[in-house]
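Q: starting from these lines, generate the structure:
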Amino acid sequence: MTFEYYYNNVPGKGLCRNNLIYTSLISKDRKTFCQWYYNDKNYHGGENKVVDPSLMEEKWNREIYFLKLMNNYYPQYIPEILDIDYKDKKIYLRIDGDDLWQKAGPVEQDYKSILPDWDSQILDIIQSYKKLGIYKMSLHPSSYFVVDGRIKSINYFFCYSEDEEKVKVKDVLSHISEERLKNLFPLMQNKGIGLENDTDLLDAQILAFDSFRNNFPSDLIDKAIKIYV
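A: Numbers count the residues shown, from 1 in each chain. Sure, this is the predicted structure:
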């Protein structure tokens, strides 16, 4: 099977990398997505954020752990795992074309045109995280694919389990785009969250939800927060 880089076509910017951590690949027939935990300089265009091999290893381990956890308990909410190449750190997932964000139109963000019940499907997925004690900070609509009329969630590298308790924002800045940071810093200030502070995972999760109000309707974000509180 032949693979190529997978990009998002961002208005005003053109083709941009789909992920800041790993290298995103897609098969020629656009039926298989590959998360390649490799710091590919060509794909990241010199804007590589995760250059420390130990950090990349940690992200890989989190991806595998939480993806398998979801597969064990809620396989309906993730793409079918076709293969995991542990040697080359590649995860192959069954998809059907572009991610949710790209399909809905990055400007229009018309998710309802893709799936009438898209919002309830996403809330069901978030409910599954809560039930499993998962705090998932990677919530961008490009972290979802639509397969056979169902939304599937990916990107578990930015997850924490409830027994980890706290996180420092400064330790995860490489996971967050520059554009999102511009909105995130004022939110942190309003919530009294500092870069160096140990932050409760619940507070970090609510901060993450709030930071995506530009990508999802506010009422969906409010409902997602209520799932956790």
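Q: in the lowest-mean-pLDDT helix or strand in the chain, what counts as buried?
A: The least trusted helix or strand in the chain, going by mean pLDDT, DSSP states H and E, turns out to be helix 178-191, with a mean of 77. Across helix 178-191, burial judged by 16 or more other Cβ atoms under 10 Å covers 180, 184, 188. Heads up, the C-betas are built off the backbone N, CA and C, glycines and all.
Q: go on, stretch 196-213?
A: Result for stretch 196-213 [16+ other Cβ under 10 Å]: buried residues 199, 201, 203, 204, 205, 206, 207, 208, 209, 210, 211, 212.
Q: how about stretch 13-29?
A: Along stretch 13-29, these residues count as buried under the neighbour rule (16+ other Cβ under 10 Å): 17, 18, 19, 20, 21, 22, 23, 24, 25, 26, 27.
Q: chain center to the least confident helix or strand of the chain: distance?
A: Centroid separation between helix 178-191 and its chain, computed with Cα atoms, centre = their mean, to the nearest Å, is 18 Å.
Q: just name whatever secondary elements that helix is in contact with.
A: The contact analysis (3 or more Cβ pairs under 8 Å, 6 or more residues apart in numbering; DSSP states H and E) places helix 178-191 against helix 201-211.
Q: gap between the closest residue to residue 18 other than its chain neighbours and residue 39?
A: Among residues not flanking residue 18 along the chain, residue 24 sits closest, at 4.0 Å (Cβ to Cβ, 6 or more residues apart in numbering). Counting by Cβ to Cβ, to the nearest Å, the gap from residue 24 to residue 39 is 13 Å.
Q: again, but for residue 9
A: 23 Å.
Q: over to residue 202?
A: Counting by Cβ to Cβ - residue 202 and residue 39 are separated by 32 Å.
Q: how about residue 109?
A: 30 Å.
Q: low-confidence stretches in the protein?
A: Along the chain, segments meeting pLDDT under 70 span 49, 51, 173-174, 178.
Q: just the element for residue 130, please.
A: Assignment of secondary structure by DSSP states H and E places residue 130 within helix 118-132.
Q: can you tell me the SS state at residue 84?
A: Following DSSP: H, G, I helix; E, B strand; the rest coil, we place residue 84 in the strand state.
Q: what about it, neighbour count?
A: 15 (other Cβ atoms under 10 Å).
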